[in-house]
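Student: sequence unavailable; structure follows:
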DNA sequence: CTTAATGTAACCACAAATGTTACTATTTGG
DNA sequence: CCAAATAGTAACATTTGTGGTTACATTAAG
């Protein structure tokens, strides 16, 4: 699993928590579903805990569970929690400011990125974890 | 200039060609405006030529120019020309198919990506090179 | 106390993008 | 025909981001 899979993996993880219906799920179990390392899972979940989408409990019986009902968690919430700097593409775009075009294109592009992303996020906002949980049916409920 | 700047750089390049009003502009001049290597410019322009957004002429007086009027070139055209596989994020996302969630989440996520991107592209389609050229004013016309 | 869990730091490995060099083919103009 | 300037492209180096891994401190249950 390489490349930028933060968002996809996060949706998968939260869908798994919804599927486990409030149980405290350890990172190792989630890692098995996503097929990656538990530390990778915990790193991503750390961001989701900070965004108050997930709660974590330590100790032997600890694990992760949704901080809210699936209906109240949209994919936009998840996106914003794990993709902190979506305009990263512009971070290292530093044209020649001595050129009239290079001097102004950065500002123009920034406005375009903002609008394009707002449009995309509006689409993500229309889907909730409950919708995804619904699409996962028919499926046996509980731990596999 | 690092990271994924293909789209931003391409918009810059085509804006520069619009600014130069149909002249045959050599890659070195564009590279100066973008502040990068001429080969990088030619590589990106190669994709834009294949998409019929730009024409190239070889030889001493050669260079690049727009294949159409700025009004007829939208940012969506540019995006599609240089970002061939925008769902690349999902390419390497390979969950555990033995898990009921892992088995189905890929298809669900794919549908979400398609919709989110369509929404973003619709926004990009609303902006043309003519709009950008307009925003670049006031600016002296011609070679700097 | 033992055990199983989170939380993180530190590092390694790999992939993808950009930057660079070098070369060929083409076209213009003397 | 030749010289100069250009596109086109292959090959390689460099950089950067991401995921994977190991290790360890902390916490809580029984």
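Tutor: Structure's in. What do you need? On a predicted model such as this, the values are computed, not experimentally measured, just so you know.
Student: when you work out contacts or count neighbours from here on, use the C-alpha atoms and nothing else.
Tutor: OK.
Student: next up, the contacts around residue A:127.
Tutor: Listed by C-alpha atoms under 8 Å, 6 or more residues apart in numbering or on different chains, the contact partners of residue A:127 are A:74, A:75.
Student: next: the one 5 residues further on.
Tutor: With contact set as C-alpha under 8 Å, 6+ apart, residue A:132 has these partners: A:15, B:108.
Student: do the one 3 residues further on as well
Tutor: For residue A:135, the contacting residues are residue B:108, by C-alpha under 8 Å, 6+ apart.
Student: again with residue A:117
Tutor: Counted by C-alpha under 8 Å, 6+ apart, residue A:117 has contacts residue B:120.
Student: and the helix or strand where residue A:14 lies, does that touch DNA strand D?
Tutor: Assigning secondary structure by DSSP states H and E places residue A:14 in helix A:6-19. Yes: residues of helix A:6-19 are located near DNA strand D by C-alpha under 7 Å from any atom of the strand, namely residue A:6.
Student: does the next helix or strand after that helix reach DNA strand C?
Tutor: Sequence order places helix A:27-34 as the next helix or strand after helix A:6-19, per DSSP H and E. Yes: using C-alpha under 7 Å from any atom of the strand, helix A:27-34 reaches DNA strand C at A:27, A:28.
Student: how big is the angle separating the helix holding residue A:14 from helix A:27-34?
Tutor: With axes from the mean of the first three to the mean of the last three C-alpha atoms, to 10 degrees defining the directions, helix A:6-19 sits at 110 degrees from helix A:27-34.
Student: now for helix A:6-19, which elements pack on it?
Tutor: helix A:27-34, helix A:38-50, strand A:63-66, helix A:75-82, helix A:129-136, helix B:100-125 (3 or more C-alpha pairs under 8 Å, 6 or more residues apart in numbering or on different chains; DSSP states H and E).
Student: could you list the residues in contact with that helix?
Tutor: Residues contacting helix A:6-19 (C-alpha under 8 Å, 6+ apart): A:23, A:25, A:30, A:33-34, A:44-45, A:64-66, A:70, A:75, A:78-79, A:82-83, A:129-130, A:132-133, A:141-142, B:89-90, B:93, B:101-102, B:105, B:109.
Student: give the buried residues for stretch A:83-96.
Tutor: Buried residues in stretch A:83-96, defined by neighbour count with 16 or more other C-alpha atoms under 10 Å in any protein chain shown: A:89, A:90, A:93, A:94, A:95, A:96.
Student: pull the contacting residues for residue A:73.
Tutor: A:53, A:128, A:129, A:130.
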